[in-house]
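[1] Would you be able to build a 3D model of this:
(chains A and B)
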Amino acid sequence: MDVVFNQIFAGVSFASILLIIALGLAIIYGTMGVINLAHGEFVMLGAYATWALQTYAGLGVVTALPLVFLAVAAAGWVIEKVIVQRLYTRPLDTILATWGIGIILQQAVRLGVGAESRFVRGPEWLSGNIEIGSLVMSNYRLFVIFFSLVVLAGTWMLMTRTEFGMKLRAVIQNRGISECYGIEAKKVYSVTFAYGAGLAGIAGALITPLFSTIPTMGTGLVVDAFLVVIVGGLGSLMGTAAAALLIGEVTALFSIVINDTLGRIAVLAGIILLIRYRPRGLFPADTRR
Amino acid sequence: MKRREFLGRAGAASTLGLAGGLSAPALLSGVSRAYAAGDDIPVGLLFSLTGAVAVVEHTLHDAALMAIEEINAAGGVHGKQLRPIIEDPASDPATYADRARRLMIRDKCVSVFGSYTSSSRQAVLPIAEQRNNLYWYPTLYEGRECSRNIMYGGALANQQQDILIPWLAENFGSRFYMVGNNYVYPKEENNYCKTLLKVLDGEVVHEEYVPMGHSDFSSVINRIRAEEPDVIFSTLVGDSDVAFARQYHAAELDPAKLPVCSLTRSEVEVKAIGGEAAAGHFSSAPYFMGHESAENEKFVEAYKARFGADEVTHFVSEAAYFQVYQFKAALEKLDPSNITPTGIRDAAVGMTMMAPQGEILIDENLHTHLWPKIGQWQSDGQAKVIVQSDKRFEPKPYAAYPGQECTGAGLVKS
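    Numbering: from 1, shown residues only, chains lettered A, B, ... in the order given. The predicted structure is shown next:
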């Protein structure tokens, strides 16, 4: 029984990381219909930005978060302006283009920083565990869970409580008509893409003390994030949150009952079944294209 | 008539070298003789400088290249310089095979040094055998292979585990928790570990394999907490090992009570893990950067001077380095007008040499006699050698398979 509670916590902790990555993906897809295959590389850029800030400026992981967000958002903004913006009328081509961007980013980091794994020190004040009976929760993972909730709440506020969010929702509903009302869809797209990239960057920063920082680290993570977005319903904020939790928990529980390898297969099979019966995901957003 | 005509044509084709090397060894050795007539001796370097395994392979590349440069600076072999021909197989097994063929045929290399993973070695193996060339492979590996065209410089299961397992059982207990990545190397190593544990009346409390690149180990750590083993026996590789070590540390599992003992963790991984999280855990290897010997001091100093003070040497880069010297010593034993891959191989067998880890010997089965050591990681990222074998260990690629043996004549089954 102790294992089950610990495993539920492990699932939540995995879900919180997935959530931050998948939120960016979901927003970018929901708004612009761009399937961003370079998203994993934004996570990687976030991790390397954290490493650079720690190595050269002495900043801790947590203090570096806002800077990492801005840095990766800026990179996303430039990429949107230079490449993605030219492809809005050809959504399928964005897959190829963003995949290419991903490879370029990976190779650029490999050439610029080096191929070897980089070391990022975790925050001292978050080391250790909180133990409740036999339930052992790592402080750092608790922090990541808390932070992902803050990010979710912040994103929700941004979408529903700000002028930018209103414009964004208008563009999602109908780009043509919202442009007639004077909303600059192009600008909204740029900012959204940058925001999504920034979120990925934050995820990258948060995982550096736990995972290894290498140029290819984003590839595996982005696959999981895609699963979350598909299961959650494309472009739906609450769907993404629910799907992240679901996949995190199911993965964790399968892993303990079977093992990690078969658990992963079981999760994939479950997702295929789910999509068979709910092709638009758990909570599809009402969008018109 | 028709048949004879066909045979005649086939013969003509093979004389022209069109029919490939399988049926024409005489023709091949003829080609080999021609290399030495030139001013320098071409040597193939086949290490990935890009792609997934570049992280490790570039350090092997650096070590091998450094050895070549040292040999050239000291006057070369028979007054000839070694000319490194560098190919980048980009971490892709098919490309390894392709570039190995190119090095052996087009560039006429008498030997190719290369690769880290078993999959790349297995991709090159048929090429090396077909061309009757020599492939120098520096990595520890799972054994169960017996080729006459591969020179194995890394440790086998028996060379890593024979000292380690009894030592662990004595100092920590014999209830082992096995965790590894899901492919052939961890499974073979665990098989051998189980045969050793059986003798010690040990027990495997859990055995599990996670997918390659797996990076969230919270389930594994929870299961470890639940099973309460004595030792974690790890065959995780690369970033999985790094992630596991960092999460193990973050979960505050105490290495003094429950140490992780790895067959694959070297100075490279520890650098990425961070000394603090790696401290207290163990690795078994024939070489550690902190090993004290005159040869090692020279090796480490030269490596740091060449590639930077932060760089580390490890038990695979050491083998990549000494294998070039073994190659050189074998060349020196041959008549410069008749240097062939088979000649180099036969000259190398039985040869001893002072390597950074100690005096090593090439067995007739083309594997290397090595010096097992157990190192405990310190917070400065270096291992303190706490157990050092008092004798050289002979390589047994079929140690886990009684009745089979790799000898100078190839695989023998009894």
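[2] Run through the helices of the stretch 151-289 of chain A in chain order.
    Using DSSP state H, counting those that start in this stretch, the helices of the stretch 151-289 of chain A run over residues A:163-173, A:175-180, A:185-207, A:217-232, A:237-257, A:260-277.
[3] Show me what the second one is packed up against.
    In terms of contact count using 3 or more CB pairs under 8 Å, 6 or more residues apart in numbering or on different chains; DSSP states H and E, helix A:175-180 is assigned the packing partners helix A:163-173, helix A:185-207. For every residue, glycine as well, the C-beta is placed using N, CA and C.
[4] Which helix or strand contains the residue nearest in space to the middle of chain A?
    For chain A, the residue nearest the mean C-alpha position is A:I21 (0.8 Å; CA atoms, centre = their mean). Here A:I21 sits within helix A:2-32, counting by DSSP states H and E.
[5] those helices in the stretch 151-300 of chain B, which residues are they?
    For the stretch 151-300 of chain B, helices defined by DSSP H, counting those that start in this stretch occupy the ranges B:157-161, B:164-171, B:184-199, B:218-227, B:238-250, B:267-273, B:275-278, B:294-307.
[6] residues in contact with B:R99?
    B:46, B:87-89 (CB atoms under 8 Å, 6 or more residues apart in numbering or on different chains).
[7] Return the residues in contact with the residue nearest to the centre of chain A.
    Here A:I21 is in contact with A:39, A:43, A:199-200, A:203, A:221-222, A:224-225, A:228 (CB under 8 Å, 6+ apart).
[8] what stretches of the chain score poorly on pLDDT?
    No chain in the question, so chain A it is. A:1, A:235, A:285-289 (pLDDT under 70).
[9] hmm, I had chain B in mind actually
    B:1-38.
[10] Show me the residue sitting in the middle of it in space.
    Note: chain B centre (CA atoms, centre = their mean) maps to B:T139, 1.1 Å.
[11] Look up how far A:I202 lies from the residue nearest to the centre of chain A.
    Computed with CB to CB, to the nearest Å, the distance linking A:I21 and A:I202 is 9 Å.
[12] what's the answer for B:Q404, then?
    54 Å.
[13] Comparing these two, which residue is more hemmed in?
    A:I202 (26 against 15; other CB atoms under 10 Å in any protein chain shown).
[14] How about the residues of the stretch 51-200 of chain A by chain B?
    A:107, A:110, A:115-119, A:121-122, A:127-129, A:136, A:138, A:140-141 (CB under 8 Å from any CB of the partner chain).
[15] Which members of these define the maximum pairwise distance?
    Maximum pairwise distance in these, criterion CB to CB, is 40.4 Å, between A:Q107 and A:V136.
[16] Comparing these two, which shows the higher neighbour count?
    Neighbour totals were compared for A:Q107 and A:V136, and A:V136 leads with 19 against 13 (other CB under 10 Å).
[17] Checking that one next. Helix, strand or coil?
    strand (DSSP: H, G, I helix; E, B strand; the rest coil).
[18] Could you verify my assumption that it touches B:R225?
    Yes: counting by CB atoms under 8 Å, A:V136 touches B:R225, with 7.0 Å between them.
[19] who touches both of the two?
    A:N6.
[20] Can you name the residues that contact A:L206?
    A:L206 neighbours (CB under 8 Å, 6+ apart): A:17, A:20, A:61, A:65, A:144, A:147.
[21] who's in contact with the spatially closest residue to the third one that is not a sequence neighbour?
    Excluding the flanking residues, the one nearest A:V61 by CB to CB, 6 or more residues apart in numbering or on different chains is A:P123, at 5.4 Å. When contacts are counted by CB under 8 Å, 6+ apart, A:P123 is found next to A:60-62, A:140, A:209.
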